[in-house]
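Student: Fold the following.
(one chain, ligands or ions: 2)
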Amino acid sequence: MEHVIGLKCMVCVKEYDVNEIDYVCPDHGNEGIVDVVYDYDYIGKHFNREDLQKSTDFTIWRYKPLLPVEPDSEVPPLTVGWTPLYRTDRLASSLGLKHLWIKDDGRLPTASFKDRASAIAIVKAREKGAEIIMTASTGNAAAALSGLCASLDQKNVIFVPESAPKAKIAQLLVFGAKVMLVKGSYDDAFELCLEAEKEYGWYNRNTGYNPYMSEGKKTASFEICEQLKWNAPDVMFVSVGDGCIIGGLHKGLKDLMALGWIDKIPRIIGVQSAGSDYMYQAWKNNEDVLTKPAIDAQTAADSISAGLPRDRIKAMKAVKETDGAYISVTDDEILKAIPMMARGSGVFGEPAGAAALAGLLKAIDDRLVNSDDRIVVLNTGNGLKDVVGAMKSVELVGTFPTYVKPDIEDLKRKLA
Ligand SMILES: *Cc1c(COP(=O)(O)O)cnc(C)c1O
Ligand SMILES: [Zn+2]
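Tutor: Ligands and ions are numbered 1, 2, ... in the order given. I've put the predicted structure just below:
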């Protein structure tokens, strides 16, 4: 990989060659998250916005020269990336805003943002000749891994909490993954997966721990900026669990700045559930995420339930370095945002997806955004991922179906 300089520890800034380590900086156990360092001079000489404009590859691989993979590596055949960025004027004006877009990553092949990361994991694993790829997940990262693995006939092992929504577990089983339902939390599943790595040597996709996951996730920033004709938005809202997406978005924006393709970095606002708001607490109280202990995580937005956000160093930098903020919203606020987003834009998100919109509502109240800001809200997962959550959400806003006999007189009565 001529375009990659190495891997830099986020704790001690020590740099490693890409072949020296696979995951974390060995000096800090599992907490030594590393960041991929690129040679932007080299990339800038071989890749430009005009090349992109001519590209007919509408997947994340259109940005391959900015991704940590060998140029000739085989990529999964499923179409990952280039999800729609909808301008939603009706929803915007109902909120007193002028410019609001929703990026709908519920449209990815396994219906969540995680496809962007799992696609890279598979390429890296196969570059190394791995026989088995595994991950711990609240559900979506696992569905993404198992779906993309199925497209290549790649063996995979999954660790998810047994409490994961049924639709997500169904996806894993349908794709043929070896599914381990962990009798515990996501954090327990994560630790078990790390132990399995030591025991069996399988390739580990775990979020944060695997440095390449934020590199896949950064492609959403590339797409947003390209879809807005390289006129970067002012503010981006995204929900945060482990903090890998938010860190990835930030990395993508920094890449584009380094290449001179955008001229400012948007403020990044991370939205957490009040029942799982480690990052919000740490940001508000100015706590050190390296020493702050895990919290108890409980939320209806299962995808952002993380007691110890594994990518917390990158997640904190994303907000601090962009003059952004963390926002905490209740489960009720999250669930109410599901029908609001669906009715205002036609985009149906799972709870963790709609949480970003709930965060925007709070940011408007707290005057964290201006009415003429150009704002992007990321919907990170499809609403069909969690039907129980969706049903609760419509009940909360007072929407119920009407039961009717197959009889026109009964219909008239019911409509009267
Ligand atoms: C994983 C996930 C998130 C949170 O991403 P992190 O990288 O864990 O912060 C948000 N929404 C959905 C739908 C997800 O699957
Ligand atoms: Zn280190």
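Student: per-residue confidence averaged over stretch 184-195?
Tutor: In this model, stretch 184-195 has a mean pLDDT of 95.
Student: do the same with stretch 110-122
Tutor: 98.
Student: Name the nearest residue to whichever residue of the stretch 51-200 of the chain sits closest to ligand 1, sequence neighbours excluded.
Tutor: Residue of the stretch 51-200 of the chain nearest ligand 1, by CB to the nearest ligand atom: Asn140 (3.4 Å). No exception for glycine: its C-beta is placed from N, CA and C like everyone else's. With CB to CB, 6 or more residues apart in numbering as the criterion, Asn140 has its nearest non-adjacent residue at 3.9 Å, and that residue is Ser112.
Student: Pull the number of nearby residues for the residue of the stretch 51-200 of the chain closest to ligand 1.
Tutor: 31 (other CB atoms under 10 Å).
Student: How about the one 3 residues further on?
Tutor: Taking other CB under 10 Å as the criterion, the count of residues near Ala143 is 31.
Student: do the same with Glu162
Tutor: 11.
Student: contacting residues for it?
Tutor: Leu181, Val182, Lys183 (CB atoms under 8 Å, 6 or more residues apart in numbering).
Student: sorry, back to before: if I look at the residue nearest to Asn140, how far off is Ala301?
Tutor: Distance of Ser112 to Ala301, computed by CB to CB, to the nearest Å: 13 Å.
Student: Between these two, which contacts overlap?
Tutor: Glu350.
Student: Model confidence for the spatially most central residue of the chain, exactly?
Tutor: Central residue of the chain (CA atoms, centre = their mean): Ile245, 3.9 Å from the mean position. pLDDT recorded at Ile245 is 98.
Student: State the helix or strand in which the nearest residue to Leu67 once chain neighbours are set aside lies.
Tutor: Excluding the flanking residues, the one nearest Leu67 by CB to CB, 6+ apart is Glu215, at 6.1 Å. Here Glu215 sits within helix 213-217, counting by DSSP states H and E.
Student: Contacts for that helix, please.
Tutor: 35-36, 60, 67-68, 113, 116-121, 205, 207, 244-245, 247-249, 251-252, 311, 314.
Student: Would you mind pulling up the elements that the helix or strand following that helix packs against?
Tutor: The helix or strand immediately downstream of helix 213-217 is helix 219-227, counting by DSSP H and E. Applying 3 or more CB pairs under 8 Å, 6 or more residues apart in numbering; DSSP states H and E, one finds that helix 219-227 contacts strand 85-87, strand 99-104, helix 244-258.
Student: so which of these gets nearest Val369?
Tutor: Closest of the helices and strands packed on helix 219-227 to Val369 is strand 99-104, at 9.9 Å (criterion: CB to CB).
Student: list the buried ones in stretch 255-266?
Tutor: Using 16 or more other CB atoms under 10 Å as the test for burial, stretch 255-266 gives Asp255, Leu256, Leu259, Trp261, Ile262, Ile265, Pro266.
Student: The residues you listed into TSV, with extra columns for distance to Met236 and pLDDT?
Tutor: Output for the buried residues of stretch 255-266, formatted as TSV (distance: CB to CB, whole Å; pLDDT from 0 to 100):
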residue	distance to Met236	pLDDT
Asp255	15	98
Leu256	13	98
Leu259	19	98
Trp261	16	98
Ile262	12	98
Ile265	10	98
Pro266	5	98
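Student: Quick check: the farthest pair among those residues?
Tutor: Farthest pair in the buried residues of stretch 255-266, by CB to CB: Leu259 and Pro266, 16.2 Å.
Student: returning to what we had before: list just the nearest of the buried residues of stretch 255-266 to ligand 2.
Tutor: Proximity of the buried residues of stretch 255-266 to ligand 2 (CB to the ion) peaks at Asp255, which lies at 22.4 Å.
Student: hmm, back to that, and the gap between the residue nearest to Leu67 and ligand 1?
Tutor: Going from Glu215 to ligand 1 by CB to the nearest ligand atom, to the nearest Å gives 13 Å.
Student: tally of neighbours for that residue?
Tutor: 25.
Student: Over to Glu70?
Tutor: 14.
Student: do the same with Ala416
Tutor: Neighbour tally, Ala416, other CB under 10 Å: 5.
Student: Need the per-residue pLDDT for it.
Tutor: 93.
Student: Tyr280 too?
Tutor: Reported pLDDT for Tyr280: 98.
Student: Which residues does the helix or strand where it lies contact?
Tutor: Using DSSP H and E, Tyr280 falls within helix 278-284. For helix 278-284, contacts defined as CB under 8 Å, 6+ apart pick out 240, 243, 270, 272, 287-289, 292, 294-295, 297, 306-309, 312, 315-316, 319-320, 325-328.
Student: Toward the C-terminus, what is the element adjacent to that helix?
Tutor: Assignment by DSSP H and E places the next element after helix 278-284 at helix 312-320.
Student: near ligand 1, anything from the very next helix or strand once past that following helix?
Tutor: Using DSSP H and E, the next helix or strand after helix 312-320 towards the C-terminus is strand 325-329. No. Using CB under 6 Å from any ligand atom, strand 325-329 stays clear of ligand 1, with a minimum separation of 11.7 Å.
Student: Which residues does the following helix or strand past strand 325-329 contact?
Tutor: Downstream of strand 325-329, the next assigned helix or strand under DSSP H and E is helix 331-345. With CB under 8 Å, 6+ apart as the contact definition, helix 331-345 has outside contacts at 86, 88, 90-91, 94, 102, 273-275, 299-301, 347-355, 357-358, 361-362, 377, 379, 383, 389-390, 392-394, 396-397, 399.
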